[in-house]
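**Student:** What would the 3D arrangement of this be:
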Amino acid sequence: MRRPSPLASLFAWAYALLLYGFIFAPVLVLVLFSFQESRLPVPPFDGPSLRWYEAMFADRRMMESLGNSLLVAFGAASVSLVLGFLAAYGLARHRIPGRAGLQLILTAPLTVSYLIIAMGLLITFNNLGVARSLWTVGIGHVVINLPLCFAILYSQMGGHQAQIERAARDLGAGEAQVLLLVTVPLLWPALFASFFLAFTFSWDEFLIAFLTSRFDVTLPVEIWSMLRSGLNPQTNAVGSFVFLISVALVLLLDLVVFGRKRR
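**Tutor:** Residues are numbered from 1 along each chain as shown. Okay, the predicted model is just below:
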């Protein structure tokens, strides 16, 4: 294969730097001014200072919304993973009438705007007389994360795994043993990836959480409430903290799942 010319390599590197600079420059500015000493997050930079991070962790309502976000994200990701796994296993291993239609229904929310889903959930909850709470937020996040978990897990249930499961049955294993001792270990990377992607999407989701919550809110909704009074270094600190958690989850996913595949 012919190596690219030095000029082509230079243009490729310049393009990559411009592209990533355009994507990450706002994030870098956000993180930088979260360490601002003064109350205004504008140049000149007069830090570094941890003043606004201390204010963030001392804010009771902020910490409550952080706990709500973690609770909803963990619960919604867990439920989505279990339901997505059961749906994928049933459709992949059994001949079910109307299987193509069921797959279409399960993956349809992936193509629908979060705003439309949030409005539909709000109307449904109002018609059923269900009060808005963290439970309704969790239900909404299951609606958007279940199709993702299903799609990932269904794509990983290949024929070779079915043969291993069949061999386990021939050796006397029951269905529960096959499911827990054979299928789940074989799908462990996909299960791990599904859970953490669902957790990440639920962690920083705003529209559904905003329309389906009332008094107990998640962290993105609380950040939006803070932004209504204008920008300040504390909002930058909160945004940087949310970004740090998301990056940590993605790096953990890369190390555990994709690192294992590379080895």
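**Student:** How many residues are close by the nearest residue to residue 110 once chain neighbours are set aside?
**Tutor:** Spatial nearest neighbour of residue 110, excluding adjacent residues (C-beta to C-beta, 6 or more residues apart in numbering): residue 147 at 4.8 Å. All C-beta spots, glycine's among them, are computed from the backbone N, C-alpha and C. As a burial measure, residue 147 scores 20 neighbours (other C-beta atoms under 10 Å).
**Student:** what about residue 147, distance to residue 206?
**Tutor:** 19 Å (C-beta to C-beta, to the nearest Å).
**Student:** returning to what we had before: was I right about the residue nearest to residue 110 contacting residue 105?
**Tutor:** No - applying C-beta atoms under 8 Å, one finds residue 147 not in contact with residue 105, separated by 9.3 Å.
**Student:** Let's see the pLDDT reported for residue 72.
**Tutor:** pLDDT for residue 72: 92.
**Student:** so it sits right up against residue 204, yeah?
**Tutor:** No - at 11.4 Å, residue 72 does not count as touching residue 204 under the criterion of C-beta under 8 Å.
**Student:** More neighbours: those two, which one.
**Tutor:** It is residue 72, of residue 72 and residue 204, that has more neighbours when counted by other C-beta under 10 Å, with 27 against 17.
**Student:** mind checking how far the more buried one is from residue 127?
**Tutor:** From residue 72 over to residue 127 (counting by C-beta to C-beta), the distance is 23 Å.
**Student:** tell me which residues in stretch 170-182 are buried?
**Tutor:** For stretch 170-182, burial by neighbour count (16 or more other C-beta atoms under 10 Å) applies to 173, 178, 179, 182.
**Student:** likewise stretch 218-235?
**Tutor:** 218, 219, 220, 221, 222, 223, 226, 232, 233, 234, 235.
**Student:** Send me whichever strand or helix holds the last one as PDB with only the CA atoms.
**Tutor:** The one in question is residue 235. Assigned by DSSP states H and E, residue 235 belongs to helix 233-253. Provided in PDB are the C-alpha atoms of helix 233-253 (Å, rounded to 0.1, in the frame of the first residue of the first chain):
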ATOM      1  CA  PRO A 233     -18.400  29.700  37.800                       C
ATOM      2  CA  GLN A 234     -20.500  27.300  39.900                       C
ATOM      3  CA  THR A 235     -22.500  26.300  36.800                       C
ATOM      4  CA  ASN A 236     -19.200  25.700  35.000                       C
ATOM      5  CA  ALA A 237     -18.000  23.600  38.000                       C
ATOM      6  CA  VAL A 238     -21.200  21.500  37.800                       C
ATOM      7  CA  GLY A 239     -20.900  21.100  34.000                       C
ATOM      8  CA  SER A 240     -17.300  20.100  34.400                       C
ATOM      9  CA  PHE A 241     -18.200  17.500  37.000                       C
ATOM     10  CA  VAL A 242     -20.900  16.000  34.800                       C
ATOM     11  CA  PHE A 243     -18.500  15.900  31.900                       C
ATOM     12  CA  LEU A 244     -15.800  14.200  34.100                       C
ATOM     13  CA  ILE A 245     -18.300  11.500  35.100                       C
ATOM     14  CA  SER A 246     -19.300  10.900  31.500                       C
ATOM     15  CA  VAL A 247     -15.700  10.700  30.300                       C
ATOM     16  CA  ALA A 248     -14.800   8.300  33.200                       C
ATOM     17  CA  LEU A 249     -17.600   6.000  32.200                       C
ATOM     18  CA  VAL A 250     -16.600   6.000  28.600                       C
ATOM     19  CA  LEU A 251     -12.900   5.300  29.500                       C
ATOM     20  CA  LEU A 252     -14.000   2.500  31.800                       C
ATOM     21  CA  LEU A 253     -16.100   1.000  29.000                       C
END
